[in-house]
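K.L.:
Sequence and predicted structure, then a few things I'm wondering about:
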Amino acid sequence: MLDVTVIEDAEAAAVSLDPVRARLLAELAAGPASAAMLAGRVGLPRQKVNYHLKTLERHGLVELAGERRKGNVTERLMRATAASYVISPQALAAVQPDPDRFRDQLSARWLLALGARLVRDVGSLLTGAAKARKRLATYALDGEVTFASAADRAAFVEELTAGVSALIRKYHDGEAEGGRPHRIVVAVHPEVRPEAGTGPEAGTGPVEAPAGPEATH
């Protein structure tokens, strides 16, 4: 079972968003089960559960884990193909966000468009790497910083922008024979803490815009 997989097909995305099927996916991510076992957990007749399982299987969201005999019946044990799923913007190709339509480093919506492109591109790369049975070379950095003031945040963003831009200038070689371009995305945004309530202090409401450019490349 994969830790996470990206759903690129529109029909598969629609199937996964059905509340009953989403519940079945969650149950099967915890371990293999048959339609009869799942029927008791989700409160549906076995026949209906079996119908939903066949639909999920047809779209590659669940797979056969094994079979077992129970009396005169052979039960199919199914399992989820991944522990979690992410729906790619490719599933809504006609209306997917396009960060190239505009560029605004202070726009949260532009940041969201960049994030959507990241999910789409990495999902496509993962699919290709899996078919080629090759590993995909990626890197990610995740951290947290608490700023004492908006001025400190602006200064941090300015230094981050300068540092990353300097590294890009140092290592970028657009004329390298056989070189492969890589996408770099750096983002700064408030932490979301819904348990603390709402408002700027909780990170769930609007916050003042940074005084400097947002660190997104």
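P.N.:
Structure received.

K.L.:
chain center to the longest helix seen in the chain, what's the gap?
P.N.:
Ranked by residue count, the top helix of the chain under DSSP state H comes out as helix 108-132. Centroid separation for helix 108-132 versus its chain: 8 Å, with C-alpha atoms, centre = their mean, to the nearest Å.

K.L.:
Also stretch 129-149?
P.N.:
With C-alpha atoms, centre = their mean, you get 12 Å for stretch 129-149.

K.L.:
please renumber so the chain begins at 54
P.N.:
All right, first residue 54 from here; so that's stretch 182-202.

K.L.:
which secondary structure elements does the longest helix of the chain contact?
P.N.:
Identification of packing neighbours for helix 161-185 by 3 or more C-beta pairs under 8 Å, 6 or more residues apart in numbering; DSSP states H and E yields strand 55-60. C-beta here means a position set from N, CA and C on the backbone, and glycine is covered the same way.

K.L.:
list the buried ones in the helix or strand just after the strand it packs on?
P.N.:
The helix or strand immediately downstream of strand 55-60 is helix 63-70, counting by DSSP states H and E. Using 16 or more other C-beta atoms under 10 Å as the test for burial, helix 63-70 gives 65-66, 68-69.

K.L.:
go on, stretch 153-171?
P.N.:
Neighbour-count burial for stretch 153-171 [16+ other C-beta under 10 Å]: 163-164, 166-171.

K.L.:
picking that back up, who's in contact with the longest helix of the chain?
P.N.:
58-59, 61, 139, 141-143, 149-152, 154-157, 188-189, 191, 236, 238, 240, 242, 267, 269 (C-beta atoms under 8 Å, 6 or more residues apart in numbering).

K.L.:
In PyMOL, select just the buried ones from the residues you listed.
P.N.:
Selection of the buried residues among the contacts of helix 161-185 in PyMOL, burial being defined by 16+ other C-beta under 10 Å:
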select buried, resi 58+59+61+141+142+143+150+152+267+269
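
K.L.:
in its sheet, what does the strand or helix carrying Glu116 sit against?
P.N.:
Remark: Glu116 resides in strand 115-123, with elements defined by DSSP H and E. Strand 115-123 has the following strand partners under DSSP bridges: strand 126-133 (antiparallel).

K.L.:
Give me the contacts around the strand it pairs with.
P.N.:
Strand 126-133 is contacted by residues 54, 78, 81-82, 84-89, 106, 109-110, 114-122 when judged by C-beta under 8 Å, 6+ apart.
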